[in-house]
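K.L.:
Next one to model:
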Amino acid sequence: ALSKSFRQAHEDALLNPNVPAGRSGTTCIVSVVIVSDDDDESSNDEDRVPQRSVQIVTANVGDSSAYIGFRGDDDESAIIQPLTNKTVTQRADERERVETVMEVHARDGEQGGRIDKMGNVWYGPVAIAMTRALGDGVMKRAGII
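P.N.:
Presented below is the predicted three-dimensional model:
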């Protein structure tokens, strides 16, 4: 459902005449926290402590990051866990995907993009530091989705 929502937001931005082509695009992080109570009424144990489970579902586009922190056992330390993976060219899978799109456009005789030594993706005079962005129609030919 989150992926579908991201695709819809991207398409809506591309089709919206109030969103300037070439100067738009954004990263996005969404986290949904699902809390479930254990309502096991079959137990006759009056001293039973109800259990609660928590599930966190996170989706992201771009180079923004989300983390969750937990208090350590000593109440003074913290445990930090990432909830996202950045979509940048430093990830081999993302770099390969972008390079493949660039090669297809180059074979078709169109201007393609390029990746500089810092990992930025270029299309003409425009560059961004991630491989996925919502609402960025100009960078599509450079492999940005």
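K.L.:
wait, what's in contact with the residue nearest in space to the middle of the chain?
P.N.:
Centroid-nearest residue in the chain: Asn60, 1.9 Å away (criterion: CA atoms, centre = their mean). With contacts defined as CB atoms under 8 Å, 6 or more residues apart in numbering, Asn60 is in contact with 27-30, 66, 84-87. Backbone N, C-alpha and C define where each C-beta goes, glycine included.
K.L.:
which of those count as buried?
P.N.:
Neighbour counting with 16 or more other CB atoms under 10 Å marks 27-28, 84, 86-87 as buried within the contacts of Asn60.
K.L.:
which residues in the chain form helices?
P.N.:
If DSSP state H is used as the criterion, the helices of the chain fall at 2-15, 92-107.
K.L.:
Figure out how far the shortest one is from the centre of its chain.
P.N.:
Put plainly, it is helix 2-15. From the chain centre to the centre of helix 2-15 is a distance of 13 Å (CA atoms, centre = their mean, to the nearest Å).
K.L.:
what's the answer for the longest one, then?
P.N.:
Using CA atoms, centre = their mean, the mean C-alpha position of helix 92-107 is found 19 Å from that of the whole chain.
K.L.:
Point out the other helices and strands that it packs with.
P.N.:
Here helix 92-107 touches strand 114-115, going by 3 or more CB pairs under 8 Å, 6 or more residues apart in numbering; DSSP states H and E.
K.L.:
Looking at the strand it packs on now, give me its mean pLDDT.
P.N.:
Strand 114-115 carries an average pLDDT of 90.
K.L.:
circling back to that earlier point, go through the buried ones among the contacts of Asn60 and flag which are in strands.
P.N.:
Using DSSP state E, the subset of these located in strands is Cys28.
K.L.:
Need the max-distance pair from the buried ones among the contacts of Asn60.
P.N.:
Cys28 and Lys86 (12.5 Å; CB to CB).
K.L.:
Return every residue with contacts to both of these two.
P.N.:
Here Cys28 and Lys86 have 60, 62, 64 as joint contacts, going by CB under 8 Å, 6+ apart.
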